[in-house]
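A.B. asks: 3D, please:
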Amino acid sequence: MIKKAEIYAHTDNSEKGFSIAMRAANIALMHSVIPLLCQAIACIANILNDMEEYIAARELLDAIIPQVCTIYLFYILSTNLEKRHWN
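C.D. replies: Residues are numbered from 1 along each chain as shown. Below is the predicted model:
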């Protein structure tokens, strides 16, 4: 989905690309797939930059990066605790 959004963004159909990237980010967030969430957010920020919405892109990244880091840290900690429990 993210590649599809990038293709739409590069073919001057930014609105369609934005919509697809938002759906991809939502799916990645619901399933806690952090690498895909990061790619989707980066795609959305790039599309916003292409649309000359620089402030919105910056605000998006400022808002989402701490949340992604928290989710990723929780994932790492829970994985390590699980491994210690089984050893």
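
A.B. asks: my read: L60 touches L48, true?
C.D. replies: Yes. With the criterion set as CB atoms under 8 Å, L60 and L48 qualify as a contacting pair; they are 6.8 Å apart. Heads up, the C-betas are built off the backbone N, CA and C, glycines and all.

A.B. asks: The two: which is more packed in?
C.D. replies: Neighbours per residue, other CB atoms under 10 Å: of L60 and L48, the larger number sits with L48, 22 against 16.

A.B. asks: List the contacts of the more buried one.
C.D. replies: Contacts were defined as CB atoms under 8 Å, 6 or more residues apart in numbering; by that measure L48 touches F18, Y54, A56, A57, L60.

A.B. asks: quick one: which two of those residues are the most distant?
C.D. replies: Spanning the widest gap among these are F18 and Y54, at 15.0 Å by CB to CB.

A.B. asks: Counting neighbours around each, name which of those two comes out higher.
C.D. replies: Set side by side, F18 and Y54 show unequal neighbour counts under other CB under 10 Å, the larger going to F18 at 20 against 11.

A.B. asks: Which strand or helix spans that one?
C.D. replies: With elements taken from DSSP states H and E, the one containing F18 is helix 14-30.

A.B. asks: need the next SSE after that helix, C-terminal direction.
C.D. replies: Sequence order places helix 34-50 as the next helix or strand after helix 14-30, per DSSP H and E.
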